[in-house]
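Trainee: Give me the fold of what follows.
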Amino acid sequence: MNKSLPSLWVVVTGVTADPPGATYGPRLSDNYELIWIMEGEVKATFGQATIQGKEGTFLFRRPGVRDYYEWSVRSRTVHAYVQFNLARRGSFSIPSKGVPASRKIADNDVLRPLFNYLLKLDTLKEPKRTELMVPTLELLLRSYISGQVEVKPQLASQVPELVERSVAVITRKTSLDPPEPLTLTELARAVHTSPENLCRLFQKSLRLGPLEYAKLVRLDRAANLLRRTNQSLKQVAASTGFYDAFHLSKSFKTVYGLSPRDFKMSKLNEWITQKNPIVQTLHNTYHNPHPETRPGS
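Mentor: Predicted structure coming up:
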């Protein structure tokens, strides 16, 4: 009979909004619980331990631990929760020690998207609900326990401030339809530095020149328009700042290895977008935030 049981199962999940100054508990539960502070803050007591949790904090409570919650007195607090249990002989287990009672999560985490998905799955009917919720909860827990929760690079923490500000200018201008023309001199002036210094900083941190970066941003936008809209190639070229469809096609094939037409028809086009050097460069910068200095830099 135990063979048919999942490694873990959801007891209850939901979202609660508490008014300023509200409290909950103390209580003693037989279930595990993972809590996400979506808005506001809380002072949580787990046994003898006290945790101050602000927005973006995750709390982890084991069964048999008496818990008590004092929600913010200044504003309402919104939190999501999932209570669950483990099978005694299941393939998934939680270490008896070393799992933190709380984690403050950065903006680029996997926990919140997984938790949101888990909440949505709770509206499904059985057996689909359990079929999808169990692996989602397991991944959520494995990520929390291991601390491996980041899913994308934090650009601002990996590159010089001048590059970060330049990227913001490039993003703003290239997101217009059509994009505003951009020269190296104008970009350098916008961030209060010289063109030479800006090029040096871009090459050192991103291995790309500023205008090369801007062109790749436009190509990334073009790829997404091709994937997600029915715009013609001429329309996509106009929307992304290329002179005409021919010039877009030539640049597109150089970066992605396919013509825009073949890219649009490919079932793998979402994966192919990862070939853009912007994605690769930021990934490498994230994993190696202090690349070796090139000769002459």
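Trainee: tell me what the helix or strand harbouring Leu201 is packed against?
Mentor: Taking DSSP states H and E as the criterion, Leu201 maps to helix 195-206. If contacts are counted by 3 or more C-beta pairs under 8 Å, 6 or more residues apart in numbering; DSSP states H and E, helix 195-206 sits against helix 161-174, helix 184-190, helix 210-228, helix 277-287. Yep, even glycine has a C-beta here, placed from its N, CA and C like the rest.
Trainee: Tell me which of those sits most buried.
Mentor: Comparing those by mean neighbour count (mean count of other C-beta atoms under 10 Å), helix 210-228 ranks first with a mean of 20.
Trainee: How far does it sit from its chain's centre?
Mentor: Relative to its chain's centre, helix 210-228 lies at 20 Å (C-alpha atoms, centre = their mean, to the nearest Å).
Trainee: Pull the contacting residues for Ser75.
Mentor: With contact taken as C-beta atoms under 8 Å, 6 or more residues apart in numbering, Ser75 is in contact with Pro20, Glu39, Gly40.
Trainee: how about those residues in CSV, adding secondary structure, distance to Lys173 and neighbour count?
Mentor: Output for the contacts of Ser75, formatted as CSV (DSSP: H, G, I helix; E, B strand; the rest coil; distance: C-beta to C-beta, whole Å; neighbours: other C-beta atoms under 10 Å):
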residue, secondary structure, distance to Lys173, neighbour count
Pro20, coil, 43, 12
Glu39, strand, 34, 14
Gly40, coil, 37, 19
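Trainee: between the helices and strands packed on helix 195-206, which one is nearest to Gly64?
Mentor: Ranking these by proximity to Gly64 (C-beta to C-beta) places helix 277-287 first, at 39.7 Å.
Trainee: what does the average pLDDT come to for the closest one?
Mentor: The average pLDDT within helix 277-287 is 55.
Trainee: and Trp36, how many neighbours?
Mentor: Counted by other C-beta atoms under 10 Å, the residues lying close to Trp36 total 24.
Trainee: what bits of the stretch 151-297 of the chain have low per-residue confidence?
Mentor: Under the criterion pLDDT under 70, the flagged ranges of the stretch 151-297 of the chain are 152-158, 279-297.
Trainee: rerun that using 80 as the cut-off
Mentor: Along the stretch 151-297 of the chain, segments meeting pLDDT under 80 span 152-159, 270, 274, 279-297.
Trainee: In contact with Lys253, which residues?
Mentor: Ser259, Pro260.
Trainee: That one in helix, strand or coil?
Mentor: Put simply, Lys253 is helix when judged by DSSP: H, G, I helix; E, B strand; the rest coil.
Trainee: And the strands in this protein, which stretches?
Mentor: Using DSSP state E, the strands found in the chain span residues 8-18, 23-28, 32-39, 41-46, 49-54, 57-61, 66-71, 77-86, 102-104.
Trainee: so which of those comes closest to Asp244?
Mentor: Taking C-beta to C-beta, strand 32-39 is the member of the strands of the chain nearest to Asp244, at 47.5 Å.
Trainee: what does the closest one contact?
Mentor: The contact list for strand 32-39 (C-beta under 8 Å, 6+ apart) reads 15, 44, 53-63, 67, 75-86, 94, 111-112, 115, 140-141, 144.
Trainee: Right, I'll call it a day here.
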